[in-house]
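[1] Give me the fold of what follows.
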Amino acid sequence: MTPAPDLQDDSGIPTVGVLGGGQLARMLVLAGAPLGLRFKLLDPAPDACAGQLAPLTVGAYDAPDALRSFVEGIDVATFDFENVPAPAAEWLAATRSVFPPPRALAVSQDRLSEKSLFRELGIPVTAFAAVDTLDELHAAVATIGIPSILKTRRLGYDGKGQYRIRSAEDVQAAWSALGPQAPEVGLILEGFVPFQRELSIIAARDRSGEFCAWPLTRNWHVDGVLSASLAPARASAGIREKAMTYARTLAEALEYVGVFALELFEHDGELLANEMAPRVHNSGHWTIEGSHASQFENHLRAGLGLPLGSTAMRGQACMLNWLGAMPDRKTALAVPGLHWHDYGKRPRPGRKVGHATLCADSPAELAAKLERLGAALDRRAQVAPVVASLRDG
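    Prediction:
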């Protein structure tokens, strides 16, 4: 059992430090306000959107002066994203309670370490191999086969740092695209999974080892970026049980504290782990309105030694990401059951600038609302696969 943190002042109000000031930090601040929490942020960007809601220290995550300023007055520290330098997390852990633990952060930052841990824990994964040279890439392709995907081991996200190998002619092109990064971030070749569905399980573990998870979520991506999430995903009891078991096994092995996501591929009735995110996750945004306790609230509860809230759903929920620019707010809000989230970011192509969550009492009602929203915002293509899933059963 990990003890609760000692407060740095006598106010009785904990201050949570967040490394990162993006939309995830912003939603943590919003979830923590009803709990009476204070926040302090560290981010290299002076316009980080969470800085609109909480004090922001501007500086590099591993800059000593910025870290010393950031740590002053905070009781616990957590992360907005997983590419925070692990040494910075370890430095913080020497004087403050840090959640999730720095080991979880370090494992998730390296796809080879992550896949290796999954395999050690008996969590199924696709075939993979480390690649440092063009010769090693040719050898790995010969062993794993085609199609396969060459990825950077570090720093890739939202489809970045990846090259799909569809034929033998693509091997040289893949190396030309990513090979120059090999000395800095490392490369890994993964077998392509012809999955039927992309799923995720959002789970939480607290300081005493109590574990809980939200219902399984189905996800749709476009160009490697999450487009929509639907909960609960329609899945057999066996699939749900496997997802829960894999998430619990991972949490216990890492002595995890906080919320994390385990991304999964469903292939021929089996689950393969893709990757974990040691933080609150885009595919869990629906929990804000769709469940009794959101992923953001439970992340804070877990790290502060408070009892975890119920992960039970309030009905059906679908989250839609807004990329590049926000749609028309007035038009969207005319759809009953819609919840609007504007991250306060400047528009930019491909940037996550907000999301909306639609809630309903039944799959049929949710499908009808999604169709109405898609037509009103001219986003029929975005909602169409979700509607088909709801109506196909």
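
[2] For this protein, which residues score under the pLDDT cut-off?
    Judged by pLDDT under 70, the chain has its weakly predicted residues at 1-11, 156-159, 393.

[3] counting contacts, what elements does the lengthiest helix in it pack onto?
    When the chain is parsed with DSSP state H, its longest helix is helix 237-253. Contact partners of helix 237-253 among helices and strands, from 3 or more Cβ pairs under 8 Å, 6 or more residues apart in numbering; DSSP states H and E: helix 111-120, strand 197-205, strand 211-213, strand 258-267, strand 270-277. For glycine as for every other residue, the C-beta is placed from the backbone atoms N, C-alpha and C.

[4] Is it possible to get TSV of those that adds mean neighbour count and distance to Met319?
    Below are the helices and strands packed on helix 237-253 laid out as TSV (neighbours: other Cβ atoms under 10 Å; distance: least, Cβ to Cβ, whole Å):
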stretch	mean neighbour count	distance to Met319
helix 111-120	18	25
strand 197-205	25	12
strand 211-213	19	17
strand 258-267	24	13
strand 270-277	21	16
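
[5] Out of those, which gets nearest to His299?
    Closest of these to His299 is strand 258-267, at 4.0 Å (criterion: Cβ to Cβ).

[6] and that closest one with strand 197-205, angle?
    Computed by axes from the mean of the first three to the mean of the last three Cα atoms, to 10 degrees, the angle separating strand 258-267 from strand 197-205 equals 160 degrees.

[7] re earlier: please work out which residues outside the longest helix of the chain touch it.
    Applying Cβ atoms under 8 Å, 6 or more residues apart in numbering, the contact partners of helix 237-253 are 117-118, 121-123, 199, 201, 203, 205, 209, 211, 213, 215-216, 235, 256, 260, 262, 264, 266, 269-271, 273, 276.

[8] that older thread, mind checking the helices and strands packed on helix 237-253 for the one nearest to Cys359?
    Ranking the helices and strands packed on helix 237-253 by proximity to Cys359 (Cβ to Cβ) places strand 197-205 first, at 16.8 Å.

[9] strands paired with that closest one, and their directions?
    strand 211-213 (antiparallel), strand 217-222 (antiparallel), strand 258-267 (antiparallel) (DSSP bridges).

[10] circling back to that earlier point, between the helices and strands packed on helix 237-253, which one is nearest to Ile188?
    helix 111-120 (5.0 Å).

[11] CA-only coordinates of the helix or strand following the closest one, as CSV, when you get a sec.
    Downstream of helix 111-120, the first helix or strand assigned by DSSP states H and E is strand 128-131. Provided in CSV are the C-alpha atoms of strand 128-131 (Å, rounded to 0.1, in the frame of the first residue of the first chain):
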residue,chain,number,x,y,z
PHE,A,128,7.8,-7.8,-33.3
ALA,A,129,11.6,-7.3,-33.5
ALA,A,130,14.0,-4.5,-32.7
VAL,A,131,15.6,-2.9,-35.8
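
[12] Would you map the helices across the stretch 251-393 of the chain?
    287-290, 295-304, 329-333, 363-377, 380-392 (DSSP state H, counting those that start in this stretch).

[13] Could you single out the most deeply buried of these?
    Across those, averaging neighbours per residue (mean count of other Cβ atoms under 10 Å) puts helix 295-304 on top, at a mean of 26.

[14] show me what contacts Arg391?
    Pro363, Ala364, Ala367.

[15] Val387 is in contact with the last one, correct?
    Which is Ala367. Yes. With contacts counted by Cβ atoms under 8 Å, Ala367 reaches Val387, the gap being 4.8 Å.

[16] in the chain, which residue is closest to the centre?
    His281 (2.8 Å; Cα atoms, centre = their mean).

[17] per-domain residue ranges of this structure.
    As assigned by automatic domain parsing, the chain contains the domains 15-98, 127-191, 197-392.

[18] Make JSON lines from the ones you listed and add distance to Leu105 to it.
    Formatted as JSON lines, the domains of the chain follow (distance: least, Cβ to Cβ, whole Å):
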{"stretch": "domain 15-98", "distance to Leu105": "5"}
{"stretch": "domain 127-191", "distance to Leu105": "12"}
{"stretch": "domain 197-392", "distance to Leu105": "6"}
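
[19] who wins for proximity to Val107 among these?
    Nearest of those (Cβ to Cβ): domain 197-392, 7.0 Å.
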